[in-house]
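Chemist: my questions concern the predicted model and sequence given below.
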Amino acid sequence: MSESNTTAPSFPEPVAPALLFDLDGTLIDSVYQHVIAWRNALAKADIELSVWRIHRRIGMSGGLFVNALMRETGLRLSAEQVAEAVEDHAVEYLRQHSSVVPLPGATELLRTLSARGISWAIATSGQRRTAGRALELLGLPEDTPMVTRDQVRFAKPDPDLFLAAAAQLGVDPRHTVVIGDSVWDMLAARRAGALGVGVLSGGYGRDELERAGAYRVYADPAELLARLDELGVRGAEEGG
């Protein structure tokens, strides 16, 4: 019997996933500035809330954030008062922006991805006027792919921000990995069909992030950079 001429099946080269980053608490150390900004903004409306209650909602859009706190506390605000609180928060946050710094490894992580030809974008529930300040902090140009609250109908935990960021990169959301620090990021990632990866640098615990759908959890961008291979992100020189 002659040997059969069989060859191993060929497969296309693997395509590295695109990475979609949350901003506050994920790339920049700004969560607690947002907490204090919200506390001050709400105090102007004679609403006194403990900072831990506020922290649990950071990552949502401003309007949804206020609505959630009203539901939890039984308070009632008019649409005009909600809009005023959102505006006051932006003003209060910008007053503190000089104390915001990149998280450890954030700039190096983004530079490494770009050097390896890996697509990435930022998707944040913040408005452009507040989130845009982060580009300079991270050493990024103004045309960096970034989707902000102003550009979508709904913010997290709805998937709109991540869907829009994937569309901006021209990739299927199912071929993306969402990096975020809050349960709202993980829930939005699941709804977008993306893989969620958590970081602890925004104050949420590992178990909370995992319960919300995080496939992996890292301390901060620096640890994520050291373990990029665990996400299937490789350089051109690396084998499979």
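Modeler: Looks like it arrived, so ask away.
Chemist: helices along this structure, start to end?
Modeler: 31-44, 51-55, 62-73, 79-96, 106-115, 128-131, 133-137, 160-169, 183-192, 206-211, 221-226 (DSSP state H).
Chemist: looking at those helices, which one is packed in the most?
Modeler: Mean neighbour count (mean count of other C-beta atoms under 10 Å) peaks for helix 183-192 among these, with a mean of 25. Yep, even glycine has a C-beta here, placed from its N, CA and C like the rest.
Chemist: list of residues touching that one?
Modeler: Here helix 183-192 makes contact (C-beta atoms under 8 Å, 6 or more residues apart in numbering) with 22, 26, 59-60, 125, 156-159, 161-163, 166, 173, 176, 178-180, 195-196, 198, 204, 208-209, 211-214.
Chemist: taking those residues, please make a ChimeraX selection of just the buried ones.
Modeler: Only the buried entries of the contacts of helix 183-192 go into this ChimeraX selection, using 16 or more other C-beta atoms under 10 Å:
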select :22,26,59,60,125,156,157,158,159,161,162,163,166,173,176,178,179,180,195,196,198,204,208,209,212,213,214
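Chemist: elements contacting the lowest-mean-pLDDT helix or strand in the chain?
Modeler: One helix or strand of the chain scores below all others by mean pLDDT, DSSP states H and E: helix 62-73, with a mean of 73. Other helices and strands packing on helix 62-73, by 3 or more C-beta pairs under 8 Å, 6 or more residues apart in numbering; DSSP states H and E, are helix 51-55, helix 79-96.
Chemist: show me the chain divided up by domain.
Modeler: Here the domain parsing of the chain from automatic domain parsing is 18-29+100-231, 32-99.
Chemist: low-confidence ranges, the protein, go.
Modeler: Filtered on pLDDT under 70, the chain yields the residue ranges 1-15, 61-62, 235-240.
Chemist: re the thing from before, tell me what angle the least confident helix or strand of the chain forms with helix 183-192.
Modeler: 120 degrees (axes from the mean of the first three to the mean of the last three C-alpha atoms, to 10 degrees).
Chemist: quick one, helix 62-73 and helix 31-44 angle?
Modeler: Per the same axes, to 10 degrees, the angle that helix 62-73 makes with helix 31-44 is 70 degrees.
Chemist: now helix 62-73 - C-alpha only, CSV.
Modeler: Extracted in CSV, the C-alpha atoms of helix 62-73 (Å, rounded to 0.1, in the frame of the first residue of the first chain):
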residue,chain,number,x,y,z
GLY,A,62,-23.1,61.6,34.3
GLY,A,63,-26.9,61.5,33.8
LEU,A,64,-27.1,57.8,34.5
PHE,A,65,-24.9,58.3,37.5
VAL,A,66,-27.2,60.9,39.0
ASN,A,67,-30.3,58.8,38.3
ALA,A,68,-28.8,55.8,39.9
LEU,A,69,-27.9,57.7,43.1
MET,A,70,-31.4,59.2,43.2
ARG,A,71,-32.8,55.7,43.0
GLU,A,72,-30.6,54.5,45.8
THR,A,73,-31.2,57.4,48.1
